[in-house]
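Enquirer: sequence and predicted structure below; questions after.
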Amino acid sequence: MRQRSTSDKKTDDLFNRSLRKGKVWSFRQNRLEKIIQHTGIRVWFSVFLVVQAGILSGCSEEEWAQEIKGSPHILVETEEVIPRTLTGRLSSFGVLESVNEVIINVDFSAPVAEVMVHEGQRVRKGELLLRFDTAKLKLKYQQNRAALSQEESTLENLGTTNKRLENLLAAGAASQQAADDARSAYQTALARVKASQNGLKLLKRDLEHSEVHSPIDGIVNSKLVESGQNTIAYQPLILLDTTKSLNVSVYVGESAVPLLRAGAPAIVKTVAGTLESKINSIGATSDPRTGNFEVKLLIDNTGGLLKPGMTADVELTLNSVKNRLVIPQAALSGRYGRYVVFRVVDGLARQTDVAVTMNGKDQILVTRGLAGGETLIVKGAQSVRDGAQVKVANE
């Protein structure tokens, strides 16, 4: 087993103190080119993800430590990991940049029906730039809605059959195999209906965003599409020049990209105050050095108080997603600079490495390391080690 050095222990201590204060840092090189000195370790960092987490109710850490002192078992509280619907905001860090041109794109594919502007034209914020042809989208929506109606009818019939066989099984008039087959068929149909419902919602959203409006006052620099042309998601459509706005550049991990959409609201906190904005574009490719994707927002700078190179705290509005594994902030610990959680298995704490990406209010989204159904230590996680005997206080 690897021996932990003094630097390792100090690093873990700093890592865990940051977690207890409600902050998770993810580092990316070559952004602010700042160097921190701590316990002899030099850390280059630039952009960090700040996850706000609530404080669990109950006794303080000092009281908790006093309660377990002298006990052969470490007293902990646990919580089961279950899939949940995740909503909220992604908190990140942005850098203000001068805007020579604004790239207009969308996050879906569709043919262009009409381009309303020409190169060199001045446009006002909110002015219609182009309209997509939604005929195929409408047809697909109608077809999918009809298919969903049929699937829902099938689901209802299978539900009736499943219930009937369960009753017959209880009365001894049906075999276990028949009941299991009916239950399996019902669950498969249910999953199919849910998938179709989600697909229909996406089509409806695309239909509702068939018109593209200018996010700024500016001048049309380039018109990159024509009427009748097919487009793909995130393809540049129109380039606008602006002198009254600034870009805010934010980088997010690949797991956060599906939760974002162009046009979604955002909050930008700067030295000049808090500004409302929208996601203007999402990078189609990742940064080859970091694997992160650039998200750009626009903020109004009519007063000229903000300058390129300034920084900002940014909150991006997320799409709601279902069946995601989220854990409380208190369940997350640091070991050798990695994120870990502790499962309780047969009275023992078992360390598990996890990958996390973002927050939904006071919850942390887990993207790797857990499958769901695990019992995690959420109180006392900082006091245990792999293999330690624990006693669950909230059973």
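Expert: It's in. The model shown is predicted, which means the values in this text are computed figures rather than measured ones.
Enquirer: show me what contacts Pro308?
Expert: Leu96, Glu97, Ser98, Leu246 (CB atoms under 8 Å, 6 or more residues apart in numbering). Backbone N, C-alpha and C define where each C-beta goes, glycine included.
Enquirer: just give me the least confident of those.
Expert: Lowest in pLDDT among the contacts of Pro308 is Ser98, which has 75.
Enquirer: quick check on the residue nearest to Asp133 when sequence neighbours are not counted: phi, psi?
Expert: Leaving aside its chain neighbours, Asp133 sits nearest to Ala113 (3.9 Å; criterion: CB to CB, 6 or more residues apart in numbering). Note on Ala113: backbone dihedrals following degrees, to the nearest 10 are phi -90, psi -40.
Enquirer: contacting residues for Ala113?
Expert: Ala113 touches Leu130, Arg131, Phe132, Asp133, Thr134, Ser227, Gly228, counting by CB under 8 Å, 6+ apart.
Enquirer: and if you look at Gln235?
Expert: Asn105, Leu224, Val225, Ala284.
Enquirer: just flag the most distant two among those.
Expert: The most widely separated members of the contacts of Gln235, counting by CB to CB, are Val225 and Ala284 (15.5 Å).
Enquirer: comparing those two, which residue is more hemmed in?
Expert: Val225 (17 against 14; other CB atoms under 10 Å).
Enquirer: quick one: the more buried one and Val112 touch, right?
Expert: Yes. Counting by CB atoms under 8 Å, Val225 does reach Val112; the two are 5.2 Å apart.
Enquirer: identify the contacts common to the two.
Expert: Leu130, Thr231, Leu237.
Enquirer: got the buried residues for stretch 291-311?
Expert: For stretch 291-311, the neighbour count (16 or more other CB atoms under 10 Å) marks Asn292, Phe293, Val295, Lys296, Leu297, Leu298, Ile299, Asp300, Asn301, Leu306, Met310, Thr311 as buried.
Enquirer: these: which two are farthest apart?
Expert: Asn292 and Asp300 (26.3 Å).
Enquirer: now do the same for Thr352: helix, strand or coil?
Expert: In three-state terms, and counting by DSSP: H, G, I helix; E, B strand; the rest coil, Thr352 is strand.
Enquirer: oh, I was asking about Thr274
Expert: Per three-state DSSP, Thr274 ends up strand.
Enquirer: show me what contacts it?
Expert: Counted by CB under 8 Å, 6+ apart, Thr274 has contacts Ile267, Val268.
Enquirer: distance of it from Asp313?
Expert: 9 Å (CB to CB, to the nearest Å).
Enquirer: cool, and Ser175?
Expert: 62 Å.
Enquirer: mind checking the backbone torsions on the residue positioned nearest the centre of the chain?
Expert: The chain has Ala256 as the residue nearest its centroid, 4.0 Å off, counting by CA atoms, centre = their mean. Dihedral angles of Ala256 (phi, psi; degrees, to the nearest 10) stand at phi -90, psi -20.
Enquirer: that one reaches Gly88, doesn't it?
Expert: No. Assessed by CB under 8 Å, Ala256 is found out of contact with Gly88, at 11.8 Å.
Enquirer: overlap in contacts of the two?
Expert: Leu318.
Enquirer: domain ranges for the protein?
Expert: 6-87+321-392, 92-131+212-317, 135-208 (automatic domain parsing).
Enquirer: any idea how far the shortest one is from the chain center?
Expert: A distance of 28 Å separates the centroid of the chain from that of domain 135-208, by CA atoms, centre = their mean, to the nearest Å.
Enquirer: which one's the longest helix in this structure?
Expert: Using DSSP state H, we find that the single longest helix of the chain is helix 135-170.
Enquirer: buried stuff in stretch 221-234?
Expert: In stretch 221-234, counting by 16+ other CB under 10 Å, buried: Asn221, Lys223, Leu224, Val225, Thr231, Tyr234.
Enquirer: which element is the nearest residue to Ile364 once chain neighbours are set aside on?
Expert: Leaving aside its chain neighbours, Ile364 sits nearest to Val356 (5.0 Å; criterion: CB to CB, 6+ apart). Per DSSP states H and E, Val356 falls inside strand 355-360.
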